[in-house]
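Participant: Model the following, please.
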Amino acid sequence: MREVAVVSFAQTPYVRRERRRNEVEMLMPVIAQAIERSGIPKAQIGFTCSGSSDYIAGQAFAFVGAVDALGAWPPISESHVEMDGAWALYEAWVKIQCGQADSALVFAFGRASTGTLPETLTMQLDPYTLAPLGADAISLAALQARALLEAGLCTEREMAEVAVRSRRDAKRNQFAQLKGDFEVEKILAEPYLISPLRKHDCPPITDGAAAIVIAAGEVARRVCRRPAFIRGIDHRIEPHQPGFRDLTVSPSTQLAGEKAGAAGRPFDLAELHAPFTHQELILRRALALPASVAINPSGGPLAANPMMAAGLARIGEAARPILEGEARRALAHATQGHCLQQNLVCVLEGE
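Facilitator: Numbering: from 1, shown residues only. Predicted coordinates:
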């Protein structure tokens, strides 16, 4: 296995609605920053991979248009995944493992504000049995939260505490969308959005983009003072039909964590892609994270949830403290699909 490390990370400020820039204009400064911070000349980056969704962009082959943000020269080897950018990073990692590149640029973007996100995400469901019902992501997450509550695995107060902590920690993140001091008692007094979920239990609609440069070990050590080495990475999937699985657990996250080598390792922090408050509690159990681990110090997806970029941002936010010498080992998690259907786990470590 070749050593591979994150050497740079850049992202846009996350906002409710990007009114001034299109996707290409959002991406151009982020990609430029990631390349500049990497210390690798643009012409020497051997592979480029992006993650996005044409459904969210509202047009076919939107990822082709996004390539304009890279510039017309030099020619590149390029690929795309119709998923969160975390899976684009996985493809780039495989490319480096196979010796087909020594470095790679990965980027992801989403402007969820341009459409009606609940209707768009409903299209991910089985087209015969579920999509016609119009069951949106929040409704399905509410079913998951209700199952947790009735199983005695969490309380509404614990869910509210996750929201309060996340948006308080986001005050230290200049890129976060929602931040501030909230009180558990006050937000528990708010009406339900879809029972048992209140507004604070759900992620904001977010526009934004992120980019990461990864490199093989020998390159990473040459260009970066403290690379964030990917010591393990794995992703697993569960049945597409939510009714075929126990929504109170996440065996795919547990298995991905085990295969990535997360089990039993001490971590300074964990960036978990948990769009809903109760999902953080599920993921913490699946990954057996002790109370001493700082969860989502960036604020996480409850503070900013750019569709198709939030998972990649979790890897970047986990790598950033290592790059800056503030942490030694971190865990990053990304998810895709309803109710934590598909999950990726990445273990990052500094030398």
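
Participant: Check the burial of the nearest residue to residue 120 once chain neighbours are set aside by counting its neighbours.
Facilitator: In this structure, residue 120 finds its nearest non-sequential neighbour in residue 55, 5.2 Å apart by C-beta to C-beta, 6 or more residues apart in numbering. Any C-beta I mention is one placed from the backbone N, CA and C, and that applies to glycine too. As a burial measure, residue 55 scores 19 neighbours (other C-beta atoms under 10 Å).

Participant: same thing with residue 280?
Facilitator: Residues lying near residue 280 (other C-beta under 10 Å) number 28.

Participant: Roughly how far does it sit from residue 166?
Facilitator: From residue 280 over to residue 166 the distance is 8 Å, taken as C-beta to C-beta, to the nearest Å.

Participant: Kindly report the same for residue 94.
Facilitator: To residue 166, residue 94 is 32 Å away according to C-beta to C-beta.

Participant: Those two: who's more crowded?
Facilitator: residue 166 (26 against 15).

Participant: My assumption is that that one lies in a helix; please confirm.
Facilitator: Yes - assessed with DSSP: H, G, I helix; E, B strand; the rest coil, residue 166 lies in a helix.

Participant: Name the nearest residue to it, sequence neighbours excluded.
Facilitator: Spatially, and ignoring its direct neighbours in sequence, residue 166 is nearest to residue 302 (4.2 Å; C-beta to C-beta, 6+ apart).

Participant: Give me the nearest residue to residue 141, chain neighbours excluded.
Facilitator: With sequence-adjacent residues excluded and distances taken as C-beta to C-beta, 6+ apart, residue 141 is closest to residue 276, at 4.7 Å.

Participant: circling back to that earlier point, could you name every residue contacting both of residue 280 and residue 166?
Facilitator: 296, 300 (C-beta atoms under 8 Å, 6 or more residues apart in numbering).

Participant: rewinding a little: helices or strands up against the helix or strand containing the residue nearest to residue 120?
Facilitator: Assigned by DSSP states H and E, residue 55 falls within helix 54-57. For helix 54-57, the packing partners by 3 or more C-beta pairs under 8 Å, 6 or more residues apart in numbering; DSSP states H and E come out as strand 103-111, helix 117-122.

Participant: Highest mean neighbour count out of these?
Facilitator: Of the helices and strands packed on helix 54-57, the one with the most neighbours on average (mean count of other C-beta atoms under 10 Å) is strand 103-111, at a mean of 28.

Participant: what lines up beside that one in the sheet?
Facilitator: If you go by DSSP bridges, strand 103-111 pairs up with strand 47-51 (parallel), strand 207-216 (antiparallel).

Participant: Output the helix or strand that the longest one is followed by as CSV, nothing but the C-alphas.
Facilitator: Of the helices and strands lying after strand 207-216 in sequence (DSSP H and E), the nearest is helix 217-223. Provided in CSV are the C-alpha atoms of helix 217-223 (Å, rounded to 0.1, in the frame of the first residue of the first chain):
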residue,chain,number,x,y,z
GLY,A,217,3.8,9.9,0.7
GLU,A,218,7.1,10.9,-0.9
VAL,A,219,5.4,13.9,-2.6
ALA,A,220,3.5,14.9,0.5
ARG,A,221,6.6,15.0,2.7
ARG,A,222,8.4,17.1,0.2
VAL,A,223,5.7,19.8,-0.2
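
Participant: Flag every buried residue along helix 217-223.
Facilitator: Buried residues in helix 217-223, defined by neighbour count with 16 or more other C-beta atoms under 10 Å: 217, 219, 220, 221, 223.

Participant: From the residues you listed, pick the one nearest residue 141.
Facilitator: Among those, residue 220 lies closest to residue 141 (C-beta to C-beta), at 37.7 Å.

Participant: Do I have it right that that closest one meets residue 3?
Facilitator: Yes - using C-beta atoms under 8 Å, residue 220 is in contact with residue 3, at 7.4 Å.

Participant: Overlap of the contact sets of those two?
Facilitator: Common neighbours of residue 220 and residue 3 are listed as residue 229 (criterion: C-beta under 8 Å, 6+ apart).

Participant: got a list of what the residue nearest to residue 166 touches?
Facilitator: So residue 302 contacts 162, 163, 166, 167, 178, 200, 203, 204, 274, 275, 277, 296 (C-beta under 8 Å, 6+ apart).

Participant: Restricted to helices, list those.
Facilitator: Among those, the members found in helices (DSSP state H) are 162, 163, 166, 167, 277.

Participant: what's the farthest-apart pair in the residues you listed?
Facilitator: Within those, two members stand farthest from each other by C-beta to C-beta: 167 and 277, at 10.8 Å.

Participant: got any residues that touch both of these two?
Facilitator: With C-beta under 8 Å, 6+ apart as the test, residue 167 and residue 277 both reach 200, 302.

Participant: of these two, who's got more company?
Facilitator: Remark: of residue 167 and residue 277, residue 277 carries more neighbours, 27 against 22, as counted by other C-beta under 10 Å.

Participant: Please name the residues that touch that one.
Facilitator: By C-beta under 8 Å, 6+ apart, the neighbours of residue 277 are 159, 160, 162, 163, 200, 201, 302.

Participant: List the contacts of the closest residue in space to the fourth one that isn't next to it in sequence.
Facilitator: Ranked by C-beta to C-beta, 6+ apart and with sequence neighbours excluded, the top spatial neighbour of residue 163 is residue 200, at 4.2 Å. Counting by C-beta under 8 Å, 6+ apart, residue 200 touches 160, 163, 164, 167, 182, 187, 190, 277, 302.
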